[in-house]
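>>> Below: sequence and its predicted model.
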Amino acid sequence: MRARSHEPIVWSLFGAGGVFAALLGTMLVLIIGILVPMGLGFGPDAMHYDSLRSLFGHPLPALGLAVVISLFLFHGAHRIYHTLHDLGIPASKRMMLACYGSAAAGSGVALLLAGMLVMF
């Protein structure tokens, strides 16, 4: 019997992270980096602590933020893993564990912080 591959799960996380990075990442850079500082389309308190705290104090946006961060991390981990392989570093279980394990740990931290945002 042939061993099952982990590739479908990893590639789906990579693809979802890439879609979110392409769509949400550019939108976040545009809004947070350009429009809000220039005062275009947003009020002066758009990025104020109290308004963001009230937004992410609800469980659904906090969970959504944690999921987006998690997908960004897995997308980056997959790119790093395959870039290291392209550079001639042999793909080993240790390298896979380092790349995807760090993404999983970062995802856990994101979920923990999202939970703390909601609770406190």
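Cool, got the structure. Numbering: from 1, shown residues only.
>>> For the protein, which segments count as helices?
Per DSSP state H, the chain carries helices over the ranges 7-20, 26-28, 36-38, 49-56, 59-86, 93-119.
>>> Need those in JSON lines (columns: mean pLDDT and mean neighbour count).
All C-beta spots, glycine's among them, are computed from the backbone N, C-alpha and C. Below are the helices of the chain laid out as JSON lines (pLDDT from 0 to 100; neighbours: other C-beta atoms under 10 Å):
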{"stretch": "helix 7-20", "mean pLDDT": "89", "mean neighbour count": "15"}
{"stretch": "helix 26-28", "mean pLDDT": "89", "mean neighbour count": "11"}
{"stretch": "helix 36-38", "mean pLDDT": "88", "mean neighbour count": "12"}
{"stretch": "helix 49-56", "mean pLDDT": "88", "mean neighbour count": "12"}
{"stretch": "helix 59-86", "mean pLDDT": "94", "mean neighbour count": "17"}
{"stretch": "helix 93-119", "mean pLDDT": "95", "mean neighbour count": "15"}
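>>> who are the neighbours in contact with the most centrally placed residue in the chain?
Using C-alpha atoms, centre = their mean, the residue of the chain that lies closest to the mean C-alpha position is residue 69, 2.2 Å off. Shown in contact with residue 69 (C-beta atoms under 8 Å, 6 or more residues apart in numbering): 106-107, 110.
>>> what about it, distance to residue 116?
14 Å (C-beta to C-beta, to the nearest Å).
>>> before we move on, what about residue 21?
Computed as C-beta to C-beta, the residue 21 to residue 116 distance reads 25 Å.
>>> what does residue 81 give?
Applying C-beta to C-beta to residue 81 and residue 116 gives a distance of 30 Å.
>>> cool, and residue 101?
Using C-beta to C-beta, residue 101 is found at 23 Å from residue 116.
>>> Now do the same contact list for residue 70.
Contacts of residue 70 (C-beta under 8 Å, 6+ apart): 103, 106-107, 110-111.
>>> and those as CSV, adding distance to residue 65?
Below are those laid out as CSV (distance: C-beta to C-beta, whole Å):
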residue, distance to residue 65
103, 16
106, 13
107, 12
110, 8
111, 10
